[in-house]
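**Student:** I'll drop the sequence and a predicted model, then ask my questions.
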Amino acid sequence: MNTARRPELLAAGGAGFTVVAWASAFVAIRSAGGAYSPGALGRLPAGACRTA
């Protein structure tokens, strides 16, 4: 493999992984929406940020 292209390949791989991770998180959040009330979905991220 050409070492000059390695940063480009790493960047493309990182971008691809990020898109797939965001897409799967979006699907999981949408499916959890039926199990929680709208207020609970707003409180969960706020609580997670507070404990972090």
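**Tutor:** Nice, I can see it. Predicted model only: the values in this text are computed from it and were never measured.
**Student:** now the helices: where do they sit in this structure?
**Tutor:** Taking DSSP state H as the test, the helices found in the chain are 6-32, 38-51.
**Student:** Same list (these) but as CSV, adding mean neighbour count.
**Tutor:** In this view, the C-beta of every residue, glycine as well, is placed from N, C-alpha and C. Listed next are the helices of the chain as CSV, based on neighbours: other CB atoms under 10 Å:
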stretch, mean neighbour count
helix 6-32, 10
helix 38-51, 10
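**Student:** distance of the most centrally placed residue in the chain from Arg6?
**Tutor:** Central residue of the chain (CA atoms, centre = their mean): Trp22, 3.4 Å from the mean position. Counting by CB to CB, to the nearest Å, the gap between Trp22 and Arg6 amounts to 25 Å.
**Student:** same thing with Ala21?
**Tutor:** From Ala21 across to Arg6, the span is 22 Å (CB to CB).
**Student:** ok, now Ala28?
**Tutor:** From Ala28 over to Arg6 the distance is 33 Å, taken as CB to CB.
**Student:** Next: Val20.
**Tutor:** From Val20 to Arg6 the distance is 21 Å (CB to CB).
**Student:** comparing the helices of the chain, which gets the lowest mean pLDDT score?
**Tutor:** Ranked by mean pLDDT, the helices of the chain end with helix 38-51 at the bottom, a mean of 71.
**Student:** roughly how far apart are Ala21 and Gly13?
**Tutor:** From Ala21 across to Gly13, the span is 12 Å (CB to CB).
**Student:** swap in Ala25?
**Tutor:** 19 Å.
**Student:** And Gly33, how close does it get to Leu44?
**Tutor:** Counting by CB to CB - Gly33 and Leu44 are separated by 11 Å.
**Student:** Many thanks, I have nothing further to ask.
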